[in-house]
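**Student:** Could you work out the structure for the sequence below:
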Amino acid sequence: MNEEGWFKDPFQRHEARWMSDGAPTALVRDAGVESQDAPPDEPITVEMERVVADAIPGDGSDLKRADDAEQQEFDPGALMDAAEEGFGGSL
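**Tutor:** Have a look, this model is predicted:
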């Protein structure tokens with residue numbers, strides 16, 4: 001097996017695990033969030049099932065421009081509100 005790409009985690013620790021040249025890697029994904037978790041030192045005993053990638057626009061419409069922030073009026077009050085919310089109280 002020389003599979004490359006995202007597959008259901010054969011060790012059932014995560015939703016998906018990246019396979020490289022048929023070998024499991026430490027790159028895993030849960031709910032769309034990627035992280036690292038070294039594969040266990042055990043053989044794969046299940047049939048590998050490829051994870052179908054979500055539809056990703058190929059036209060760049062999902063990308064943000066560096067100057068997008070300049071398109072909006074700066075509101076320092078909203079910035080403080082977001083900071084306070086992030087710290088769970090008032091600053």
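**Student:** And the helices in this structure?
**Tutor:** For the chain, applying DSSP state H gives helices covering 76-87.
**Student:** most centrally placed residue in it?
**Tutor:** Geometric centre of the chain, nearest residue: Val33, 2.9 Å, by Cα atoms, centre = their mean.
**Student:** Quick check: the gap between that residue and Val51.
**Tutor:** Separation of Val33 from Val51 (Cβ to Cβ, to the nearest Å) stands at 14 Å. (C-beta placed from N, C-alpha, C; glycine too.)
**Student:** on that earlier part again, can you read off the pLDDT for the residue nearest to the centre of the chain?
**Tutor:** Val33 carries a pLDDT value of 91.
**Student:** residues contacting it?
**Tutor:** The contact partners of Val33, by Cβ atoms under 8 Å, 6 or more residues apart in numbering, come to none.
**Student:** The same query, at a cut-off of 10 Å, please.
**Tutor:** Contact partners of Val33, counting by Cβ atoms under 10 Å, 6 or more residues apart in numbering, are Glu15.
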